[in-house]
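In: Sequence unavailable; structure follows:
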């Protein structure tokens with residue numbers, strides 16, 4: 001019985017409501033669609049580096065380093081900030097036979113458009129700007145340079161590992 005009353009109420013309710021439309025006149029509406037600021041960081045041929053192998057310097061066998069090309073694509077931005085999440089320290093966790101754990105000195109991570117203008121990166125963001133008057137989308141090539149001093153002494157040979165996390169932010 002109650003179900004039939006509820007169904008009848010729902011069927012008759014829309015018939016009881018009546019609304020007349022009242023014209024409000026013309027209202028101008030302007031819609032502006034903007035793209036969110038964007039930054040893309042990749043190798044020049046696309047993708048990203050899954051692993052980086054530092055190589056010893058011919059002049060100094062304790063210095064290990066690597067230079068990597070990186071392309072930064074900005075859309076609707078005139079610059080960006082880059083920082084290192086944590087210092088890069090390469091370590092080797094040894095087994096009981098190999099001796100104590102070994103570690104490189106904290107790596108120096110540098111960034112810039114050419115060798116003369118490489119800046120050392122830290123946990124404090126460094127700002128980089130593209131030339132004024134450029135189009136809304138710019139592609140700029142940079143150099144990522146990583147160097148670290150190997151541990152000296154006996155039993156320092158082996159595979160060392162570390163994690164480098166770079167943080168890129170737009171200048172919004």
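Out: Good, I have the coordinates. Please read these numbers as outputs of a predicted model, since none were measured by experiment.
In: Show me where this protein dips below the pLDDT cut-off.
Out: Residue ranges of the chain with pLDDT under 70: 1-37, 94-99, 131-135, 172.
In: just so I have it, where are all the strands in it?
Out: Taking DSSP state E, the strands of the chain run over residues 38-42, 55-56, 63-75, 79-84, 91-92, 102-103, 108-112, 119-120, 126-129, 137-149, 166-170.
In: Which one of those strands lies nearest to residue 155?
Out: strand 102-103 (7.4 Å; C-beta to C-beta). Every C-beta, even on glycine, is put in place using the N, C-alpha and C of the backbone.
In: returning to that earlier point: I'd like the strands of the chain as CSV, with mean neighbour count appended.
Out: Shown next, in CSV, are the strands of the chain (neighbours: other C-beta atoms under 10 Å):
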stretch, mean neighbour count
strand 38-42, 14
strand 55-56, 11
strand 63-75, 16
strand 79-84, 18
strand 91-92, 16
strand 102-103, 18
strand 108-112, 19
strand 119-120, 12
strand 126-129, 14
strand 137-149, 17
strand 166-170, 14
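In: Adding distance to residue 157, write the ones you listed out as TSV.
Out: Formatted as TSV, the strands of the chain follow (distance: least, C-beta to C-beta, whole Å):
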stretch	distance to residue 157
strand 38-42	34
strand 55-56	12
strand 63-75	13
strand 79-84	27
strand 91-92	9
strand 102-103	9
strand 108-112	22
strand 119-120	29
strand 126-129	35
strand 137-149	15
strand 166-170	29
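In: Which among the ones you listed is found nearest to residue 49?
Out: Nearest of the strands of the chain to residue 49, taken as C-beta to C-beta: strand 63-75 at 6.3 Å.
In: what are the pairing partners of that closest one, and which direction each?
Out: Note on strand 63-75: by DSSP bridges, its sheet partners are strand 38-42 (antiparallel), strand 55-56 (antiparallel), strand 137-149 (antiparallel).
In: From the chain's centroid, how far away is that strand?
Out: Distance of strand 63-75 from its chain centroid, counting by C-alpha atoms, centre = their mean, to the nearest Å, is 13 Å.
In: ok, and what's touching that strand?
Out: Defining contact as C-beta atoms under 8 Å, 6 or more residues apart in numbering, one finds that strand 63-75 is touched by 35, 37-44, 49, 52-57, 80, 104, 128, 130, 136-150, 168, 170.
In: please redo it, this time with the cut-off set to 6 Å
Out: 38-42, 44, 52, 54, 56-57, 137-148, 150 (C-beta atoms under 6 Å, 6 or more residues apart in numbering).
In: before we move on, what about stretch 49-58?
Out: Stretch 49-58 has contacts (C-beta under 6 Å, 6+ apart) with 63-66.
In: No further questions, thank you.
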